[in-house]
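Colleague: sharing a sequence plus its predicted fold:
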Amino acid sequence: MSTPDFFRSRLDTMINLRHPLAVLATRMPWAAIEATLEPMFEHRAS
């Protein structure tokens, strides 16, 4: 009996893409969020 390799499975085959949180994730303005937060996480030289 073979065991499927969990780490080689695609995420979209493991989750329900119609779940409200999955749907919400597709509607989020990720580029705008990233652009807003990026300055807070930049590495600053000492």
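Modeller: Noted; the coordinates are in hand.

Colleague: now for residue 12, how many residues are close by?
Modeller: 9 (other CB atoms under 10 Å). Placement of C-beta: from N, CA and C, glycine included.

Colleague: likewise for residue 22?
Modeller: Residue 22 has 13 nearby residues by other CB under 10 Å.

Colleague: check which element follows the lowest-mean-pLDDT helix or strand in the chain along the chain.
Modeller: The weakest-scoring helix or strand in the chain, judged by mean pLDDT, DSSP states H and E, is helix 11-14 (a mean of 83). For helix 11-14, the succeeding helix or strand toward the C-terminus, using DSSP states H and E, is helix 20-27.

Colleague: and the contacts of that next one?
Modeller: Helix 20-27 is contacted from outside by 15, 16, 17, using CB atoms under 8 Å, 6 or more residues apart in numbering.

Colleague: give me the number of residues near the residue nearest to residue 17 when sequence neighbours are not counted?
Modeller: Among residues not flanking residue 17 along the chain, residue 23 sits closest, at 7.7 Å (CB to CB, 6 or more residues apart in numbering). Residues near residue 23, counting by other CB under 10 Å, number 11.
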